Structure formats: C-alpha cells, structure tokens
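Asker: could you work out the structure for the sequence below:
(chains A and B)
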Amino acid sequence: MLDIRRRTSYLFLAIMLGHVILISAQVPTKSGPKVLEAAVLGVFADVQRATAAVTGVASDLWSRYVDLRRVRDENDVLRQQVADLQVELQQERALAQRAAGLQQLLDLRAQVSLPTLAAQVIGGDATPGFRMITIDRGSRDGVSRDMAVIGPKGVVGRIVGDPVARAAQVQLIIGRNAAAGAMIERSRASGVVVGGAGDPPLAMEYVSNLADVGEGDLVVTSGIDGIYPKGFPIGRVESAVRGPNLYQLITVRPLVDFSSIEEVLVVLVPPGPGGAEGVS
Amino acid sequence: MRAAGVLVAIAVALALQTTLARFTIGGETPVDLVLVVVIYAALVGGPVTGLVAGTVGGLAQDALSAAIVGVGGLAKTLVGFVAGVVGAQFIVTQPPMRFGVFFTATLIHGACFHGVYALIGPRGSGLPYGAVLTQALGNALVGVVAFQVVAMWPRVAERRRARGRLFKR
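Answerer: Presented below is the predicted three-dimensional model:
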C-alpha cells in the first residue's frame, strides 16, 4: 500500500515537473530568452564548461602524451623540411655571398688601372702551413709566374711556379715564405711585409725606429718588389714597438679574410721595378 | 478500460464545452466540463486516474485555447491528484460532500490556474474571484448531477430491459 502511494506521489511529482518545464519553455523572461532556455542554458553552461575542461584535459593528455605517433611522423617530416630549408638557405646565402663577392671584384676591377683577370679559387692548401691556393686560370689565359693576385679587400698573394694551361698556384701573402714591399700609408714609411708570423700572421720588417708608425695604420703595397702594384692595401698595424736594433717590431693584421677566398683578380701586367700605381 | 473511458469522457466534455461556449454571454463559461470530468474520474478512480485525467484534459484544453500549454494541465493535474487522494482517504458518497469536493477543487484549480498566469503572464493579472466562484458553483452542481445520473443509470437501464421483456410476453 505504501509502495503504491509512493509510486503515485512520484508520478504526480514527475508530471507536475513536466508541466513546469512545458510552461517554462513557452514563457519569455524579461531579458528575452525563455525561462526553460535560460534555465537549461544556465545549468548546461556549467555542465558544458566542466565537460569542456575535462575533454580539454583528456584531449591535451592524448595529443601531448599518448598520441605521439602522429607527432613523431610530423616531427620527422618537419625535420626533413628544416634540413631541406637549411640547405636551400645555405645555397641562397652562398649565392648571395658569391654575388656580393663578384660585385666587389667588379668594383675593384673598375678601380684597378692595370689589366686584370678574374679567377676562381678551385683548390686549397696541399701542405699545411704553406698557405697556397689554386685558381682556375692558367697559362692559356695569360697567367704567368710572379703575377700579383688581389682581392676586393686587398692583396692576396702571387703566382708561384709555372702555371698549367687552366690552373695556377697562388702563394698567399700570409705564407711563411711570402713577402711584399710595403709602406705605411699615412707616414709613407717603407718596409717589407712578411708572412708566417703567427698571430697576427703578418709582420712588417725593416721599418726604422725613427719612422712614424702607429697602431691602426694602414699598410699598403709600395710596388718596389716588382710584383705587387703600388697602393693595394695589405693590412693594419696591430702593434708597433721600438726594436733592439735599428728597426721596429711591427705586426700587421691582414685585411683579407683568407679563410673564405672564392674569387680573385690576377694582375696580368707586372708593374716592374719602380712600382706603378695599381689603384686609380 | 477505465483509462479509455476517461479519455472518451474528456473528449466528450471538450466537445460539449467548445459547443456550449458559443452560446454563453460575454464569453464567460460558468462551467468547466473538462474539470468536472477530471474531478469525477479522480473521485471514482483514485489519484493516479485523477492526475492522468487532469494532465490529458488540461493539456488538451490548453492546446485548443491558444494559451500557454501546461498551465491548465498543471492546475488540472494538481486538482485531479488532490481529488483522487481525497476520494481515496474519505468517503465521498453523499451529494453535499461531492458538492464540497467539486466546489473546493474548482477553487483550487482557479487559484492555481490564474496564479500561474499572474506569475508568468506579460501583465500582472489578478485573480477573477467572481468568475472562479461562479465556476465553482456551476462545476459543483454539474458534478453532483453527473454523479446522480451515473448512479441512477444502471437502475434506469435495468428498468428499461425489464419493461422490454414484459412487452415481449
């Protein structure tokens, strides 16, 4: 009996609730939406917020920690893309640098009053310490022994040995057996720049203790050696101290970055003794 | 079977109500026949029958009267349930008792119906005491008469059958 009463009460309550819901669905609130919509939205907004948070955490866990296979594949693809792009970037950068180098070479060629020949470096130092490079121009192009080789920033070296038809060896001015007639541009004090000095790799010898040499002075070719045209920059004085004898101890930092030489100019006409001006 | 009878009774009451409403003056109907059927079914069948009848009758009335569907259903369900409980708990066999049940149930219905409309309606409308009281009287009268008619109906039918057998001889 009690059970029947309870069931009836529950049925009554359920039906009454149904009516209330039904009414609420049709009655607008003061703000606009209907009561049922507002109530349902109000309740469900919290439910949705909670479920969204839970699903967000679950999705986060899944995507960040569980479902890593796809991420791994994607990572591999991205790594490959990055590698390809890096190669591409390096190629572009190299092209740009080469273009810039060529532009500088063209500018230098315009400045140099002597006939020159552009050459490309095709080989490096065969024996460590000797500081030699090989260029792609040889006897067929008119290249011969002791021709000066210059770069956009300054003196590079000279042709040594007899060139072959399409190649020639260049002794860099920083090599241990290299030397060039030089002078301090500001004071015109003369001397000889020799390579293989260590760090910095150039030293300027035979400059009188009385000569005016200062740190940072520009050292240029003097042209007295009959190889290098006069006036090409070699480097800057890094230190100059009074020597024990008649000459100063001068170290010179070369202007040319010898680690990245790609194109050079070969001066086709030797200036000869006396040193004609090579730079206009 | 009882449920089907209740549904038929509600349908007939609705038909009569809509038909009679056309002839009432000023649009005010002094009797709610559907409510009478609901209270009657509740007194006879108990609270479950009362609330089912109230739900069906009220929703049907709401649907037919372009009102907020559920208000009449809510009021009639409440009345049906209460009347059913009263009919199950007390002996409601005498006409004055039935009159009182119909009268009170109609008042409760009116209070609930108009109260809900006062709460949710666009304009705050007060309780039409006069109309509710008139309807309560009308419903009580019709309800008591209905009980009497239905109670008398088996005896009338038996008399007719007996009279028929007498004429055949």
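
Asker: wait, B:Val86 sits on B:Val92?
Answerer: Yes: counting by C-beta atoms under 8 Å, B:Val86 does reach B:Val92; the two are 6.6 Å apart. Heads up, the C-betas are built off the backbone N, CA and C, glycines and all.

Asker: and A:Leu11, its phi and psi?
Answerer: phi -60, psi -40 (degrees, to the nearest 10).

Asker: then A:Tyr247?
Answerer: phi -110, psi 150.

Asker: what's the answer for B:Val156, then?
Answerer: Dihedral angles for B:Val156 - degrees, to the nearest 10 - are phi -60, psi -40.

Asker: count of residues packed around it?
Answerer: Per other C-beta atoms under 10 Å in any protein chain shown, the neighbour tally for B:Val156 reads 10.

Asker: same question, the one 4 residues further on
Answerer: As a burial measure, the neighbour count of B:Arg160 was computed by other C-beta under 10 Å and equals 10.

Asker: so what sits against both of B:Val86 and B:Val92?
Answerer: Shared contacts of B:Val86 and B:Val92 (C-beta atoms under 8 Å, 6 or more residues apart in numbering or on different chains): B:43, B:101.

Asker: show me where the chain has its helices.
Answerer: Just so you know, I chose chain A. Assigned by DSSP state H, the helices in chain A fall at A:2-24, A:35-61, A:68-111.

Asker: switch to chain B, please.
Answerer: Per DSSP H, chain B carries helices over the ranges B:2-21, B:33-45, B:47-64, B:71-89, B:95-120, B:129-168.

Asker: if you compare these, which one is most tucked away?
Answerer: Among the helices of chain B, ranked by average contacts under mean count of other C-beta atoms under 10 Å in any protein chain shown, first place goes to helix B:33-45 (a mean of 28).

Asker: which strands or helices does that one pack on?
Answerer: helix B:2-21, helix B:47-64, helix B:71-89, helix B:95-120, helix B:129-168 (3 or more C-beta pairs under 8 Å, 6 or more residues apart in numbering or on different chains; DSSP states H and E).

Asker: average model confidence for the second one?
Answerer: Going back to what we said before, that points to helix B:47-64. Averaged over helix B:47-64, pLDDT sits at 88.

Asker: packing partners for it?
Answerer: helix A:2-24, helix B:2-21, helix B:33-45, helix B:71-89.

Asker: if we can go back for a sec, in CSV: the helices and strands packed on helix B:33-45, plus distance to A:Arg49.
Answerer: Output for the helices and strands packed on helix B:33-45, formatted as CSV (distance: least, C-beta to C-beta, whole Å):
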stretch, distance to A:Arg49
helix B:2-21, 44
helix B:47-64, 35
helix B:71-89, 32
helix B:95-120, 29
helix B:129-168, 46
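
Asker: for those helices, which one sits closest to A:Glu92?
Answerer: Closest of those to A:Glu92 is helix B:95-120, at 73.6 Å (criterion: C-beta to C-beta).

Asker: interface residues of chain A facing chain B?
Answerer: A:8, A:11-12, A:15-16, A:19-23, A:26-27, A:35 (C-beta under 8 Å from any C-beta of the partner chain).

Asker: for PyMOL, what selects the buried ones among those residues?
Answerer: Selection of buried members from the residues of chain A next to chain B for PyMOL, criterion 16 or more other C-beta atoms under 10 Å in any protein chain shown:
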select buried, chain A and resi 8+11+12+15+16+19+22+23+26+27+35
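
Asker: what residues does chain B have near chain A?
Answerer: B:46-48, B:51, B:55, B:68-71, B:73-74, B:77-78, B:81, B:116, B:120.

Asker: closest to B:Arg163 out of these?
Answerer: Nearest member of the residues of chain B next to chain A to B:Arg163, counting by C-beta to C-beta, is B:Gly46, at 35.8 Å.

Asker: residue contacts, that closest one?
Answerer: Counting by C-beta under 8 Å, 6+ apart, B:Gly46 touches A:8, B:84, B:87-88.

Asker: again with A:Val256
Answerer: A:151, A:153-156.

Asker: now do 7 Å
Answerer: A:151, A:153-154, A:156 (C-beta atoms under 7 Å, 6 or more residues apart in numbering or on different chains).

Asker: so which of these sit within strands?
Answerer: A:Val156 (DSSP state E).

Asker: so which of the contacts of A:Val256 wins on neighbours?
Answerer: Result: A:Val156 is most packed of the contacts of A:Val256 (other C-beta under 10 Å), 26 neighbours.

Asker: check the gap between that residue and A:Ala178 for me.
Answerer: 10 Å (C-beta to C-beta, to the nearest Å).

Asker: go on, A:Gln81?
Answerer: Note on A:Gln81: its distance to A:Ala178, by C-beta to C-beta, is 47 Å.

Asker: compare those two (neighbour count), which wins?
Answerer: A:Ala178 (22 against 10).

Asker: let me know the pLDDT of the residue nearest to that one when sequence neighbours are not counted.
Answerer: Sequence neighbours aside, A:Gly195 is the residue nearest to A:Ala178 in space, at 4.0 Å (criterion: C-beta to C-beta, 6 or more residues apart in numbering or on different chains). Per-residue pLDDT puts A:Gly195 at 86.
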